[in-house]
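Visitor: Okay, predicted coordinates and the sequence, questions at the end:
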Amino acid sequence: MSQKEKGKTRKGWREKVLRHFTTLVLMLCAVFAFNAPLIASAEEVNISAEEIKASEEDTSVNEAASFTVSIPDGALVKGSSRQLKISPADAKVKSYASSNKAVIKVTTGGKITALKTGSANITVTLTSGQKKVLKLTVMADNSDMVVNRTVDGKKALWRFKDGKVCKDKGFSTDGRTWFYCENGLVSSKTGLYTGTVNKVKALWFYKVGRVMTGYTGGYRVNDTTVWFVQRGQVDKTLSGNFYAGGKTYRVKNGKVIKSVKGKVNAFYGQTFGISIGEEKKIESENVKITLTNQYQASKWVDGIVSINGDEHYFGLEYDENEGTFSVSYVEYIKEVSITCVKTAGSRFYLKVSKAAEVKKPFRVSGRETGRYVTKDFEYLESENLIIFLPKGMHFNGNVMVKLEEYVAAVENETGYKRKVVDSDSYYTRMCVQKSILGTDIFGGVDPDCKKVHVYIDVTEDESPECVASYKGDDYNYILIHEYDLDVNNEEYFFSTFIHEYTHYVHLTNHAGVSNIINEGYASYVEELVTSKFTGLTGDKLYQERFYGYLIKKGSVTAANAEKLFIADYRSSRNDAYRYGCYFVKYLNDTYGRKAFNSFLKKVTEELEKQQKTNSSIRSLSGEQVSKLVKTAFSENVFKGFAAWLNNHPEYTKETDY
């Protein structure tokens, strides 16, 4: 079923976007001004012990919490106890809980006791509902570990291995924090050392013995060498521009070449503010972001991302219900992904990341015996089709093989091949995907619409439909239901896809005619192809498969046939299918497919002729189409149809139902 109203809505989206993107003028770029190095020495790095401990916690839980949980340094071993420290001291604790009571038990007062080796999460919940999670490990007596113990009369953090003090240089842990150790003790030095931390071998930065796994910034070794540290590691292959701790670093092979105080640019994965008329550069000036205009009525913001000089368009779209802006792509941008994090006044805070890899098609065997179910949003792809699937879809491995057979059969019966018609805007495509599936997970899949896009509506709230246009001013797609994927059902042949694909080849080759012709043509071809695949003919075909398409006996006469056609059968939506199916069959059987296809071409030519003087015309009137029918076939074509119908009682029935 072709939904012209939805087609107009899609076109409205296109016109809105095109109005928005006017002549765009890029501002002059801010230039990096790198002066003498301003990197602080390691001793000036401002990270407290509390912050280091917080970096070892479960940040997914702790992000919004305003209190801290800590225990003294030193490994937990079987039988050892610790007292949890809550800061601030006046924080009111509701409960303590251990995720593995066989490993660590915790009392209502916050005392923890190690029972055996293993790991557990200790969750502290305040009366306000805030939570903190501390990950703890109970280590074996023969582990390589840092313990708080008195050795030879000296109480300190000692490195033990196999139950003895280990005097080798290297890294060891207490199960929460990693330490650099020398001569059996945690070092009091600050520096770099190559070793293994959390199973990663690297050149690690440590401060006063603690490995700074949460630190990113510069570390000065001497007057000439400053290394760039990322999450505690020095990567000697790292090059580019990086921002951390209020400074912008230009790095080559892990060494800082120059730096400047203050954030002077934007970087991948980091939030930056930008206003209308402003430009931001990202990653060595290869990427630029510009916001050029905002529209008062819609609040829509025009945006440009320039990648190596190639400009691509996006928009910031305002959601009145949520009161927030989100990024909408006007065209597919394969290199980057843009997110609107928040807004403040006239300033927009964006984050630009390298685009994720485009989702790959779901692989199936191509055999009827293969049975599959989607556990996530997936898509199936064949030579001509892409079917976008929600979660929980069941289908056989030969579903695309069968649908491709239907495609070939429809094209054979109509004499038309599908035309590749680019839709006007990537934005429209994504709007349709989000509307039907509720997700944009398929962004970047066939962005130029080289194949027929088919969607599955599992709610069945929508009737199956085809939205298509030979001019490409709509997004061309098909919507069917889940059961239409059941292509091996021997008891019932699901023909909805055949009907909708007939619309697709018709409406991408020619303009739509009228409801009667459009639906009648799709119904007529649906009958032909169904007969081919089921082997049903005559009364069995019509009574078992297409009873609903039969016309009420005596409802079409020589006196009213043309009037019903001109009125487009307004009395009942279903009557348009019934009249149309057999009117199109009559025209093809009587005058031949070539004459019928020539008629469709003449309708398109007449519509385009009228649009030259009035661009707002979207379709011809019933009177105009009726005149074209009589010109193309016969002056008495409608009377002939009534007589033909009365001579074929197999196409009629006694009731309207």
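Guide: Everything's here; your move.

Visitor: Check for me that residue 326 belongs to a helix.
Guide: No: Residue 326 is assigned strand when assessed by DSSP: H, G, I helix; E, B strand; the rest coil, not a helix.

Visitor: List the beta-bridge partners for it.
Guide: Here residue 326 shows beta-bridge partners residue 317, assigned using DSSP bridges.

Visitor: Tell me which residues touch it, please.
Guide: 316, 317, 319, 340 (CB atoms under 8 Å, 6 or more residues apart in numbering). Bear in mind the C-beta positions are built from the backbone N, C-alpha and C, glycine included.

Visitor: Can you add pLDDT and neighbour count and give those residues back as JSON lines?
Guide: Converted to JSON lines, these look like this (pLDDT from 0 to 100; neighbours: other CB atoms under 10 Å):
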{"residue": "316", "pLDDT": "97", "neighbour count": "21"}
{"residue": "317", "pLDDT": "96", "neighbour count": "19"}
{"residue": "319", "pLDDT": "93", "neighbour count": "10"}
{"residue": "340", "pLDDT": "96", "neighbour count": "19"}
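
Visitor: now, among those, which is nearest to residue 244?
Guide: residue 340 (23.4 Å; CB to CB).

Visitor: Please name the residues that touch that closest one.
Guide: 316, 324, 325, 326, 327, 348, 349, 350.

Visitor: Can you flag the buried ones in these?
Guide: For the contacts of residue 340, a neighbour count by 16 or more other CB atoms under 10 Å gives the buried set as 316, 325, 327, 348, 350.

Visitor: quick one: least confident helix or strand in the protein?
Guide: helix 49-55 (a mean of 27; mean pLDDT, DSSP states H and E).

Visitor: which stretches of the chain have low pLDDT?
Guide: 1-65, 262-266, 283-285, 422-424, 569-573, 656-657 (pLDDT under 70).

Visitor: quick one: residue 74 from residue 158, how far?
Guide: 9 Å (CB to CB, to the nearest Å).

Visitor: Find residues that contact each of these two.
Guide: What both residue 74 and residue 158 touch, as defined by CB under 8 Å, 6+ apart, is the set 146, 147, 148, 149.

Visitor: In terms of helices and strands, where is the last one?
Guide: The one in question is residue 149. strand 145-151 (DSSP states H and E).

Visitor: Give me the residues contacting whichever helix or strand comes after that strand.
Guide: Note on strand 145-151: by DSSP H and E, the next helix or strand toward the C-terminus is strand 154-161. For strand 154-161, the surrounding residues in contact (CB under 8 Å, 6+ apart) are 73-74, 142-149, 151, 165-167, 172, 174, 179, 181, 184-186, 209.

Visitor: of those residues, buried ones?
Guide: Here, 16+ other CB under 10 Å leaves 73-74, 143-148, 166, 172, 174, 179, 181, 184-186, 209 buried among the contacts of strand 154-161.

Visitor: Run through the residues that contact residue 409.
Guide: By CB under 8 Å, 6+ apart, the neighbours of residue 409 are 498, 529, 532, 533.

Visitor: Do you have the helices of the protein handy? List them.
Guide: Listed in chain order, the helices of the chain (DSSP state H) span 4-20, 49-55, 59-62, 399-414, 426-437, 496-509, 515-534, 538-544, 561-566, 573-591, 593-611, 622-632, 637-646.

Visitor: mind putting those in a markdown table, distance to residue 119 included?
Guide: Listed next are the helices of the chain as a markdown table, based on distance: least, CB to CB, whole Å:
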| stretch | distance to residue 119 |
| --- | --- |
| helix 4-20 | 52 |
| helix 49-55 | 17 |
| helix 59-62 | 16 |
| helix 399-414 | 46 |
| helix 426-437 | 39 |
| helix 496-509 | 53 |
| helix 515-534 | 60 |
| helix 538-544 | 65 |
| helix 561-566 | 77 |
| helix 573-591 | 64 |
| helix 593-611 | 71 |
| helix 622-632 | 75 |
| helix 637-646 | 80 |
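
Visitor: Out of those, which gets nearest to residue 357?
Guide: For the helices of the chain, the distance to residue 357 is smallest for helix 426-437, at 17.7 Å, taking CB to CB.

Visitor: ok, residue 624 - how many residues close by?
Guide: For residue 624, the neighbour count with other CB atoms under 10 Å is 16.

Visitor: In contact with it, which residues are there?
Guide: residue 606.

Visitor: separation between it and residue 567?
Guide: Per CB to CB, residue 624 is found 14 Å from residue 567.

Visitor: and if you look at residue 190?
Guide: For residue 190 relative to residue 567 (CB to CB), the value is 89 Å.

Visitor: ditto for residue 260
Guide: 75 Å.

Visitor: Repeat that for residue 473.
Guide: Counting by CB to CB - residue 473 and residue 567 are separated by 28 Å.

Visitor: quick one: which of those two has more around it?
Guide: Taking neighbours as other CB under 10 Å, residue 473 and residue 567 compare with residue 473 leading, 17 against 14.

Visitor: Quick check: phi and psi at that one.
Guide: phi -90, psi 10 (degrees, to the nearest 10).

Visitor: can I assume residue 69 is in contact with residue 134?
Guide: Yes: between residue 69 and residue 134 there is a contact under CB atoms under 8 Å: 5.1 Å.
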